[in-house]
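>>> Pasted the sequence and its predicted model underneath.
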Amino acid sequence: MTLPLLGSPLQVGPLRLRNRVVAAPMERNYADREGRSTARYEAYLRARAAGGTALVFTEATFVRPDGRGRIRQLGAHDDRVVPGLRALSDAVHAEGAWLGVELNHAGRVADPVVSGFQPVAPSPVPFRGHTPRELTTGEAEMIVTAFGAAAARCAEAGVDVLSVHGAHGYLIHQFLSPRTNHRTDRYADPVVFLNEVLAAVRSAAPALFLRLSAFEGVPGGLDRTATLALARRLRLELVDVIDVSAGCYEAGEWMVQPGEVPRGVLASAASAFRALGKPVCVAGRIPTGDAAEDVLRSGAADLVAVGRALHADPGWTATVLRGAEPRPCIGCNQGCIDELHTQRPIWCVVNPSTGHEWQPPVPPSGGVGRVVVVGAGPAGLEAARRAATAGHRVTLFEAQSRIGGQFRLASELPSRPEFGRLLTWYDAALKRLGVDLRLSTAASPASVAALAPDLVVVAAGGVSLIPPVPGADRARVTGLLEWLATSPPVDRADVVTVWGADRAGIAAADAIAAAGQRVLLIGAGEEPAPEAGFREKVLVVRRLAGNPDVEIRLGATVESIEDEGLLLGRDGRLEPVPVRGPVLVSQGTVPRPVDLGPGDWRAVVLDETPSAAEAIRLAAAIRL
């Protein structure tokens, strides 16, 4: 599919954008603890600019220390940040793109553990156990001044576009919303604070974006009609582009949507803002070039804000514009979104190089070797791709009839509809690189030795761990992975017990319940999938909790398994539960045993998912 609209230029204020792709202002935890840019940050943005994107934003950048939300969040609060911003500007300009900075104050959602300050807000409406202090009129005016000073620092650093963050439940949005603005002074009028901020920032901004949540997504919050009515009262003559998003922290699934949400989900909401007579940019589940082109063709927007897809592949823009397939974002929200709350630098499930653009690559050896890879899960596929890209002759053994391993099983669940795109991408990449892919072929000592490899990469994945409780050897007990691989029929009168409410367990329980089967979900923790973040699991957990055919027992352990019942441990008691049907065990995995015998080769063993550390180790190994 050709993308004529996506590839067309657009004039925004004094700037000519080379295409319609904006790298969305994603937070990344790449700055230092003083809010200054780093070599990691600079290399990350440079890569997205070099990949063809027209306008590259930093992130929600705090204008004052009490408005900080992350330990490693970028700041524009102090003159010491200017050199780092200048380096970002120079790096992005060198690749033919423009640099944007989104100015923000977190208000009531700022964490005092992070900022060291008591949160402030229009009104003392609590958030996650903290009650913010209500700003006086004079203090609100001082924050307006802080926005203007931050804008001036950005202009000094050569920033081309400033964006005022009026969305996602941050301070400006708190003034706009009736949920959080109960004031009686002049700032009781919800648009006054934002209008003053726009005026303060505009004086330093070559071009100005205004980001708004089309709706909050919570009871008592702003809906589409109310938000549009407020927007009509804003000083839009100061604004070049209205940037439409959605949600707030109490409805985070609208801020960054899970992969099962339809592509371009916010296009219809954005289209209403066309009536304001300004160019419109829209975010929200735009993982492919076709999805972006569809949004533009519908007339809903003039620009698309792409975040996670550019995180997965820095060359996304140039790739889709030439009609090729980039490394796909699968909408998992694991390494890029939910990782933010750990305060660690974000990463990417599908691309181990993301976030490591600043590290020098391992130099190629210059020679051609023979590499054997055992297992075609994500780690094995990435190993084969990297080795072939380095010029080596690669043979990939996979015992199953299809590539993917455990990841393929996940891709077949209804809550993971985008996962299969990664396997399609790897399949095409391996064919293009000439990898000798041997499906339905288990590696053996003889078959590996016959190839006389220089390097063997073992990425055979794992098998389900079944704890040794009494009755675990009964016929009705099966590892979750093995059950998903075979999908055996189940008597409708039976209940499918999923023992283990981890991310795999809840996703499988969701799929089983969607097929009309009764489910008992048992988890030892106090919440489903405690290892998974909110945005990864929110829709699955809501469906399970709202399904009358699903029973969830948390804080419970399985003490024994009988033919027609279970014995659970809970709250210091043993509790018999009469339940027939299969018991699927989701208690983690153990490495799949692989015997390749002795051989005159080096070996590298990888986990199922290729982490950045393993990718670096692999790169050193395939240097041969």
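It's in. Numbers count the residues shown, from 1 in each chain.

>>> Point me to the residue sitting closest to the centre of the chain.
What sits nearest the mean C-alpha location of the chain, by C-alpha atoms, centre = their mean, is residue 333, with 3.1 Å.

>>> so that residue, which of the three states?
With DSSP: H, G, I helix; E, B strand; the rest coil as the basis, residue 333 sits in coil.

>>> how about it, phi and psi?
The phi/psi pair for residue 333 (degrees, to the nearest 10) reads phi 60, psi 20.

>>> now swap in residue 84 and tell me
phi -70, psi -40.

>>> Show the pLDDT at it.
Listed pLDDT for residue 84 reads 98.

>>> which strands and helices sit next to the longest helix along the chain?
Using DSSP state H to define each element, the chain has its longest helix at helix 137-156. Applying 3 or more C-beta pairs under 8 Å, 6 or more residues apart in numbering; DSSP states H and E, we find helix 137-156 packed against helix 82-94, strand 98-104, strand 161-166, helix 192-202. Every residue, glycine included, has its C-beta placed from N, CA and C.

>>> Do you know the pLDDT at the residue nearest to the centre of the chain?
Looking at residue 333, its pLDDT stands at 97.

>>> likewise the one 3 residues further on?
Reading off the confidence values, residue 336 has pLDDT 96.

>>> try residue 601
pLDDT, read off for residue 601, is 86.

>>> May I have the phi/psi pair for residue 473?
For residue 473, the backbone dihedrals (degrees, to the nearest 10) come out as phi -90, psi 10.

>>> who's in contact with it?
By C-beta atoms under 8 Å, 6 or more residues apart in numbering, the contact list for residue 473 is empty.

>>> re earlier: in contact with the residue nearest to the centre of the chain: list those residues for me.
Applying C-beta under 8 Å, 6+ apart to residue 333 gives the contacts 256, 258-259, 308, 533, 535-536.

>>> can you do 7 Å?
256, 258, 533, 535-536 (C-beta atoms under 7 Å, 6 or more residues apart in numbering).

>>> In helices only, show me those.
Among the contacts of residue 333, the ones falling in helices (DSSP H) are 535-536.

>>> quick one: which of the contacts of residue 333 is nearest residue 561?
Among the contacts of residue 333, residue 536 lies closest to residue 561 (C-beta to C-beta), at 29.5 Å.

>>> what sits against that closest one?
Residue 536 touches 258, 332-334, 338, counting by C-beta under 7 Å, 6+ apart.

>>> Okay, now the unreliable bits of the stretch 451-600 of the chain?
Counting by pLDDT under 70, not a single residue of the stretch 451-600 of the chain qualifies.

>>> Repeat the analysis, applying 90 as the threshold.
487, 593, 597-600 (pLDDT under 90).

>>> which stretches of it form helices?
480-486, 503-514, 534-546 (DSSP state H, counting those that start in this stretch).

>>> again, but for the stretch 1-150 of the chain
Counting by DSSP H, counting those that start in this stretch, the helices of the stretch 1-150 of the chain are 39-50, 82-94, 112-115, 137-156.

>>> can you list contacts of the first one?
Think helix 39-50. 23, 28, 30-31, 56, 87-88, 91-92, 95-97, 310, 314, 345, 355, 357-358.

>>> Would you mind giving me the PyMOL syntax to select the buried ones in these?
For the buried members of the contacts of helix 39-50, the matching PyMOL selection, counting by 16 or more other C-beta atoms under 10 Å, is:
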select buried, resi 23+28+30+31+56+87+88+91+92+95+97+310+314+345+355+357
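
>>> for stretch 282-296, which positions count as buried?
For stretch 282-296, the neighbour count (16+ other C-beta under 10 Å) marks 282-289, 291-296 as buried.

>>> Same list (those) but as TSV, adding pLDDT.
As requested, these are exported to TSV (pLDDT from 0 to 100):
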residue	pLDDT
282	98
283	98
284	97
285	97
286	98
287	98
288	98
289	98
291	98
292	98
293	98
294	98
295	98
296	98
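
>>> just these now: which is nearest residue 117?
Looking across the buried residues of stretch 282-296 and measuring by C-beta to C-beta, the closest to residue 117 is residue 283, at 29.3 Å.

>>> distance of that closest one from residue 45?
Between residue 283 and residue 45 the computed distance is 18 Å (C-beta to C-beta, to the nearest Å).

>>> same deal with residue 298?
30 Å.

>>> neighbour-wise, which of the two wins?
residue 45 (28 against 13; other C-beta atoms under 10 Å).

>>> any idea how far stretch 274-282 is from the chain center?
In terms of C-alpha atoms, centre = their mean, to the nearest Å, the centre of stretch 274-282 is found 27 Å from the chain centre.

>>> what sits up against that stretch?
Applying C-beta under 7 Å, 6+ apart, the contact partners of stretch 274-282 are 12, 22, 209, 231-232, 236, 239, 241-244, 266-267, 270, 273, 295, 300-305.

>>> are any of those buried, and which?
The neighbour-count test (16+ other C-beta under 10 Å) applied to the contacts of stretch 274-282 identifies 12, 22, 209, 231, 236, 239, 241-244, 266-267, 270, 273, 295, 300-305 as buried.
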